[in-house]
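Colleague: Whatever this is, show me its structure:
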Amino acid sequence: MDEGLATYLDAKPNKEEFHSFLFDLIEKKGLSDPELYKKASIDRKTWSKLVSNSSQRPTKRMVCRLVIALELDYHDCKHLVKAAGYILNRDPFDLVIRYCVEKKIYDPFEVDKLLFGQNLKPLFSE
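Modeller: Next up, the predicted model:
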């Protein structure tokens, strides 16, 4: 196999890495599963599917809700988003999420207010 391709494939997101990192963050923050999924506005059934099936890939919006609910700093935010197979780029939605993380704005109402102010779909009150 081409060495460049092998390196590229090794760098691709790993679904198990997402789950492992998420569980580490939950433990580090001292949250129970119900506390987190309620705070992230994720219903119990969806949460159960996500945590019980390591091949289940969350949506980018779900990952962003987890980032806010876990009150992550930018480093952990970037790691969790990347582990899920996404990036926060320069589109308006991503920039608002990055702004919230960098300014430590973790109140779902405030996050949605900032998104709405930019004519974007709210994250928590969908």
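Colleague: Please count neighbours and contacts with C-alpha atoms only from this point.
Modeller: Will do.
Colleague: how about the helices in this structure?
Modeller: 3-11, 15-29, 33-39, 44-52, 60-69, 74-83, 92-102, 108-117 (DSSP state H).
Colleague: Mean neighbour count and distance to residue 124 for the ones you listed - can I get that in a markdown table?
Modeller: Conversion of those to a markdown table gives the following (neighbours: other Cα atoms under 10 Å; distance: least, Cα to Cα, whole Å):
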| stretch | mean neighbour count | distance to residue 124 |
| --- | --- | --- |
| helix 3-11 | 10 | 31 |
| helix 15-29 | 16 | 19 |
| helix 33-39 | 16 | 9 |
| helix 44-52 | 13 | 15 |
| helix 60-69 | 21 | 7 |
| helix 74-83 | 19 | 17 |
| helix 92-102 | 18 | 12 |
| helix 108-117 | 17 | 6 |
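Colleague: just flag whichever of those helices has the lowest average confidence.
Modeller: Comparing mean pLDDT across the helices of the chain, the lowest value falls on helix 3-11: a mean of 64.
Colleague: hang on, the earlier thing: so which of the helices of the chain is nearest residue 125?
Modeller: Between residue 125 and the helices of the chain, the tightest spacing by Cα to Cα is seen for helix 108-117, at 7.3 Å.
Colleague: quick check: angle from the closest one to helix 60-69?
Modeller: For helix 108-117 against helix 60-69, the angle by axes from the mean of the first three to the mean of the last three Cα atoms, to 10 degrees is 130 degrees.
Colleague: I'd like to know how far the residue most central in space within the chain sits from residue 44.
Modeller: Nearest to the centroid of the C-alpha atoms of the chain, with distances taken as Cα atoms, centre = their mean, sits residue 63, at 2.3 Å. Per Cα to Cα, to the nearest Å, residue 63 is found 15 Å from residue 44.
Colleague: try residue 64
Modeller: Distance of residue 64 to residue 44, computed by Cα to Cα: 17 Å.
Colleague: Residue 125 now?
Modeller: From residue 125 across to residue 44, the span is 16 Å (Cα to Cα).
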